[in-house]
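S.K.: Below are the sequence and a predicted model; questions follow.
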Amino acid sequence: MTHVPHEAAHLHARHQAVLPSWLSLYYERPLELTHGEGRHVWDAEGNRYLDFFGGILTTMTAHALPEVTKAVSEQAGRILHTSTLYLSRPMVELAERIAALSGIPDARVFFTTSGTEANDTALLLATTHRRSNQILAMRNSYHGRSFSTVGITGNQSWSPTSLSPLQTLYVHGGVRSRGPYAELGDREFIAACVADLEDMLQQTAGGVAALIAEPVQGVGGFTAPPDGLYAAFREVLARHDILWISDEVQTGWGRTGDHFWGWQAHAENGPPDLLTFAKGIGNGMSVGGVVARAEVMNSLTANSISTFGGSPVTMAAGLANLNHLLEHDLQGNARRVGGLLIERLRAVAAGLDIVREVRGRGLMIGLELVRPGTDEPSPEAASLVLEAARERGLLIGKGGQGGASLRIAPPMSLTVAEAEEGAGLLAEALRTAQAVLA
Ligand code: PLP
């Protein structure tokens, strides 16, 4: 492997000269990735890393998965055209598969190129269907970077404008461990959130179109409400004729271990009306989309098109990736290896003041960090841990309010040995950060 640190520094200077100041970078000295294999990636200096963030939950199965590479190159060799004006076999096939998996009756699928665009489309459909621009969203949520999706995003550090085209009301329930209901048990917590929702609806004039929620908040720091919260919400929503949009951009495809979709932990009163997906399904290729009942999907009467959504190359990648996921039961792997990893990290955290909480589902694991000896969330601690982990050959993500939580979401094929290795490296990085802050 050639070592080119000088080139990497040069690229950083070029990046600063042409890209916006608000693009997030994790590291002091930016990382330039050149290739990957399995659960590992390499940088331009030849260093190898265990990827505990799966790209950004985009590498769902494994880096450089041979079936995906083959499907992409074969499709690229046949035809690279795109646009929904023409049909392609991979697009129709992937739509059929996703419709069948979604759990939504009489489902229709529309493909987009990102999670943002998927949620934007879901908002367009819901507001058109219900003829209302009022939306319910969860506190601390994240739904994308377009004008409409930043407008409903509850996590203030990712919501750069207050000039939203939608009227949004923020509901309690996405985060449990802090806030007014922190001390409540599951049932009491759900009852308190439902009462809060009912109160809010009393005060709204006219109809609300939809509630949009991530079953496990992603950017918010991998926080999961108790199972059944959204089922209880659903009962209230149904009474008020409000649609439920489940944003499965991070939680879909079995990553949460126990369920294929995040909404299935809240399934008692039926599936959501709309479901959005993106990130992992293309294994790095840009595949996103919306699934909705035909009645809702067909609400739009004006013409619409996506030039790049559903392009045959990305659809071929999605199909190959989905087949691999199902054939190798990666959901089961996420449950088993994720369960083990959570246990291992809880044992590590028990001996450290810097970790307030280890939480998560399957291979979506969050660690909230605090300034040692306090209950104060510490974004500084998270940054120190990220840097220390990088030095040891481990990549992780961060998030939560102000960025004080670590996020772990490796490719779903993570092995037990890799989970143990990563937990060991993370333990060292946590100890290093704690020593700096003590
Ligand atoms: N929804 C959720 C839950 C997300 O986590 C994200 C991205 O992190 C998005 C939507 C936006 O997706 P994208 O970055 O593909 O536009």
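M.R.: Arrived safely, thanks for sending.

S.K.: all helices of the protein, in order?
M.R.: Assigned helices in the chain, in chain order: 5-18, 54-57, 66-78, 89-102, 115-130, 147-152, 186-203, 229-239, 294-297, 312-327, 330-350, 379-391, 416-437 (criterion: DSSP state H).

S.K.: wait, which of these is closest to the ligand?
M.R.: helix 115-130 (2.4 Å; Cβ to the nearest ligand atom). In short, each C-beta sits where N, CA and C put it, glycine included.

S.K.: name the helices or strands packed onto that closest one?
M.R.: For helix 115-130, the helices and strands in contact under the criterion 3 or more Cβ pairs under 8 Å, 6 or more residues apart in numbering; DSSP states H and E are strand 107-112, strand 134-138, helix 147-152, strand 210-213, strand 243-247, strand 274-277, strand 288-293, helix 294-297.

S.K.: thinking again about what came up before, export the helices of the chain to TSV and tack on mean neighbour count and distance to the ligand?
M.R.: Listed next are the helices of the chain as TSV, based on neighbours: other Cβ atoms under 10 Å; distance: least, Cβ to the nearest ligand atom, whole Å:
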stretch	mean neighbour count	distance to the ligand
helix 5-18	11	19
helix 54-57	22	7
helix 66-78	15	18
helix 89-102	18	16
helix 115-130	24	2
helix 147-152	22	7
helix 186-203	15	19
helix 229-239	19	14
helix 294-297	17	19
helix 312-327	23	13
helix 330-350	19	17
helix 379-391	21	17
helix 416-437	18	22
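
S.K.: Reformat the ones you listed as JSON lines; add mean pLDDT.
M.R.: Below are the helices of the chain laid out as JSON lines (pLDDT from 0 to 100):
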{"stretch": "helix 5-18", "mean pLDDT": "76"}
{"stretch": "helix 54-57", "mean pLDDT": "96"}
{"stretch": "helix 66-78", "mean pLDDT": "97"}
{"stretch": "helix 89-102", "mean pLDDT": "97"}
{"stretch": "helix 115-130", "mean pLDDT": "98"}
{"stretch": "helix 147-152", "mean pLDDT": "92"}
{"stretch": "helix 186-203", "mean pLDDT": "96"}
{"stretch": "helix 229-239", "mean pLDDT": "97"}
{"stretch": "helix 294-297", "mean pLDDT": "97"}
{"stretch": "helix 312-327", "mean pLDDT": "98"}
{"stretch": "helix 330-350", "mean pLDDT": "98"}
{"stretch": "helix 379-391", "mean pLDDT": "98"}
{"stretch": "helix 416-437", "mean pLDDT": "98"}
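
S.K.: need the ones you listed in TSV with distance to residue 140, can you?
M.R.: Below are the helices of the chain laid out as TSV (distance: least, Cβ to Cβ, whole Å):
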stretch	distance to residue 140
helix 5-18	30
helix 54-57	18
helix 66-78	33
helix 89-102	26
helix 115-130	16
helix 147-152	12
helix 186-203	13
helix 229-239	14
helix 294-297	27
helix 312-327	29
helix 330-350	21
helix 379-391	15
helix 416-437	23
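
S.K.: just to revisit the earlier point, where among the helices and strands packed on helix 115-130 is average confidence lowest?
M.R.: Sorting the helices and strands packed on helix 115-130 by mean pLDDT places helix 147-152 lowest, at a mean of 92.

S.K.: Show residues contacting that one.
M.R.: 116, 119-120, 123-124, 135, 137, 141, 143-144, 158-161, 163-166, 168, 212 (Cβ atoms under 8 Å, 6 or more residues apart in numbering).

S.K.: In PyMOL, how would I select just the buried ones from those?
M.R.: Here is the PyMOL command that picks out the buried ones among the contacts of helix 147-152, judged by 16 or more other Cβ atoms under 10 Å:
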select buried, resi 116+119+120+123+135+137+141+143+144+158+159+164+166+168+212
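
S.K.: As a markdown table, the helices and strands packed on helix 115-130 with distance to residue 12 would be great.
M.R.: Output for these, formatted as a markdown table (distance: least, Cβ to Cβ, whole Å):
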| stretch | distance to residue 12 |
| --- | --- |
| strand 107-112 | 31 |
| strand 134-138 | 36 |
| helix 147-152 | 27 |
| strand 210-213 | 36 |
| strand 243-247 | 33 |
| strand 274-277 | 33 |
| strand 288-293 | 29 |
| helix 294-297 | 44 |
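
S.K.: can you tell me which of these comes nearest to residue 324?
M.R.: Residue 324 sits nearest to strand 274-277 of all those, at 16.8 Å, using Cβ to Cβ.

S.K.: Against which helices or strands is the closest one packed?
M.R.: Strand 274-277 is packed against helix 115-130, strand 243-247, strand 288-293, with contacts defined by 3+ Cβ pairs under 8 Å, 6+ apart.

S.K.: For residue 398, which of those is the nearest?
M.R.: Closest among those, once you apply Cβ to Cβ, is helix 115-130, at 18.5 Å.

S.K.: now the closest one, how far from the centre of its chain.
M.R.: Relative to the chain's own centre, helix 115-130 is displaced by 18 Å; criterion: Cα atoms, centre = their mean, to the nearest Å.

S.K.: tally of neighbours for residue 138?
M.R.: The number of residues packed near residue 138 is 30, by other Cβ atoms under 10 Å.

S.K.: what's residue 48 in contact with, if anything?
M.R.: Going by Cβ under 8 Å, 6+ apart, the list of residues near residue 48 reads 40, 41, 42, 393.
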